[in-house]
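Enquirer: The following block contains a protein sequence and its predicted model.
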There are 2 protein chains.
Amino acid sequence: MHFTFTSEPRTDDGLVERDFSLGGVPGILWTPAGLADDPDAAPAPLILQGHPGGLEAMRPRLAARARRSAVDGHASAALELPGGGERSRIPELEAARAELRAAVLAGGAVPDGVVDRLVLPLVDLAVPELRSAMDALLALPGIGGPVGYSGGIVGIGIRLAVVEPRLAAVGFFAGSYVPLSLFEEARRISIPVHVLLQWDDEGNDRRQALDLFDAFGSAEKTLQANLGGHRGVPAYAGEDAARFFARHLVAGAEPLSGPAAG
Amino acid sequence: MHFTFTSEPRTDDGLVERDFSLGGVPGILWTPAGLADDPDAAPAPLILQGHPGGLEAMRPRLAARARRSAVDGHASAALELPGGGERSRIPELEAARAELRAAVLAGGAVPDGVVDRLVLPLVDLAVPELRSAMDALLALPGIGGPVGYSGGIVGIGIRLAVVEPRLAAVGFFAGSYVPLSLFEEARRISIPVHVLLQWDDEGNDRRQALDLFDAFGSAEKTLQANLGGHRGVPAYAGEDAARFFARHLVAGAEPLSGPAAG
């Protein structure tokens, strides 16, 4: 897919932000200021910042995470989700979202079928786009592997960790619906996993989050649960997540381990 | 109880280790080297290092934790448990330990009665001794509040956090038997809590550990679960626990919050 920058670089407090288009899909790249100044420096590891869709609304929060990652010398990027933000709506996803809203309003557990109809197509559509974004972004001067994926739709992080050998570490924020079929994929993940769980997250099935953590096949996995709701992640939890990526995304290093076979 | 040092100070790699006796109960005090050199410095916060009993066997591991805490300017101390190490055995505890061993060998869940008969008397005996140790240690030059309690028998940390207003933070290492009656006390804890859980700890009831974390009444509580068995705590988990105490045990500061009323 054709990659082109769609804005001039904006530098603010040590962070350079630049919008891009990947085959018409809008994205944002954040790099540490001065990244390109040292031609001898090892290329910066890249963190793909996940989000729920609607990139413009998420820009301030994603930029704040990117600024923290830049302290560790990491570049960050975010790509609009299929059917999200300014992108054309996808009828099947819109219908599934309406089903989900109705199920949530009706109370009780959301039927697996509804979760599958919403999340599985989104994962199938988003993961190839994220891999294409990795192709384009890793080809830019000053940016290289290893690559991390942080937050966003849990299912997208699971699928990406299974299929993408350039991914060296994945951080999840428990709290989105996860199709049962993706639990099987989670068992095949072998790269280090960090899970943030807000213990009192109103929109989160705590039991399912713990079961998913149990399912990850990784030899290194950490669950950090903190008191509070979905928006109440304490600052030190963000610091711990950043340290997780700093441990595993070392400039010039190969991924610690690739995805499990199959 | 009469406090006296029973050894000369031994300095090794920035840590001063000194044995003491508190009314005949052996203990060890570790302080950052150079602590006494600056009379204007705020007194060092104190971390009571918990352990399963048998202080001499634990000395190397406790010293290693104390060395890490000294980096943050914290003093550390450990006191032999009632009936532990060189102390005279306590018949009721010995009988309960034999019961526990038999129950574990028989397989299946350990009856609540057995846990109660072992842990509750130990908590009742150990907590007043630890509070006396705080009286004596906080009176030493260069050592002051706030005080933390780290690891050891979970029940002792729970009781101490409820009854001891000088305690500002408590770190638990999930993996010891917890009487159900102490879950009620856990709900009354209001100081910050950090819980380390080894996800595959053979000697640990994961479900009970999660229920206990849920029970803590604290406004700030963090559970960090890592893959591995009881002895497999990763180095970064020790670092995160140290950062927890560094956040809450600030030299010269008052405890963030006392125990809840009642």
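Expert: Alright, I've got the coordinates. This is a predicted model, so every value here is computed, not measured.
Enquirer: Return the residues of chain A in contact with chain B.
Expert: A:199, A:210, A:213-214, A:218-227, A:234, A:236-237, A:240, A:243, A:247 (CB under 8 Å from any CB of the partner chain). To be clear about C-beta, it is placed using only N, CA and C from the backbone, and glycine gets the same treatment.
Enquirer: Please spell out the PyMOL selection for the buried subset of those residues.
Expert: Buried residues within the residues of chain A next to chain B, by 16 or more other CB atoms under 10 Å in any protein chain shown, are selected in PyMOL with:
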select buried, chain A and resi 199+210+213+214+218+220+221+222+223+224+225+226+227+234+236+237+240+243
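Enquirer: Sort out for me which of the residues of chain A next to chain B are in strands.
Expert: Among these, DSSP state E puts A:221-226 in strands.
Enquirer: Check which helices and strands the helix or strand harbouring A:Ala169 sits against.
Expert: Per DSSP states H and E, A:Ala169 falls inside strand A:167-173. On a contact count with 3 or more CB pairs under 8 Å, 6 or more residues apart in numbering or on different chains; DSSP states H and E, strand A:167-173 meets strand A:143-151, helix A:154-163, strand A:193-198, helix A:235-248.
Enquirer: would you turn the ones you listed into JSON lines with mean pLDDT?
Expert: Converted to JSON lines, the helices and strands packed on strand A:167-173 look like this (pLDDT from 0 to 100):
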{"stretch": "strand A:143-151", "mean pLDDT": "93"}
{"stretch": "helix A:154-163", "mean pLDDT": "97"}
{"stretch": "strand A:193-198", "mean pLDDT": "95"}
{"stretch": "helix A:235-248", "mean pLDDT": "93"}
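Enquirer: pretty sure A:Asp240 is in contact with A:Leu223, am I right?
Expert: No: using CB atoms under 8 Å, A:Asp240 is not in contact with A:Leu223, being 11.3 Å away.
Enquirer: show me the contacts for the spatially most central residue of chain A.
Expert: Note on chain A: the residue nearest the mean C-alpha position is A:Gly50, at 2.9 Å, using CA atoms, centre = their mean. Applying CB atoms under 8 Å, 6 or more residues apart in numbering or on different chains to A:Gly50 gives the contacts A:78, A:149-153, A:156-157, A:173.
Enquirer: redo that, cut-off 6 Å
Expert: Neighbour list for A:Gly50: A:151-152 [criterion: CB atoms under 6 Å, 6 or more residues apart in numbering or on different chains].
Enquirer: got a list of what A:Cys26 touches?
Expert: Cys isn't right for residue A:26; it's Pro. Per CB under 6 Å, 6+ apart, neighbours of A:Pro26: A:Glu80.
Enquirer: How much space separates it from chain B?
Expert: Distance of A:Pro26 to chain B, computed by CB to the nearest CB, to the nearest Å: 36 Å.
Enquirer: Would you agree that residue falls within a strand?
Expert: Yes: per DSSP: H, G, I helix; E, B strand; the rest coil, A:Pro26 lies within a strand segment.
Enquirer: Touching the strand holding A:Ala169 from outside, list them.
Expert: Residues outside strand A:167-173 that contact it (CB under 6 Å, 6+ apart) are A:146-151, A:154, A:157, A:160-161, A:191-196, A:241, A:245, A:248, A:255.
Enquirer: Report the beta-bridge partners for the residue nearest to the centre of chain A.
Expert: Legend: beta-bridge partners of A:Gly50 under DSSP bridges are A:Gly151.
Enquirer: Roughly how far does it sit from B:Gly142?
Expert: Note on A:Gly50: its distance to B:Gly142, by CB to CB, to the nearest Å, is 48 Å.
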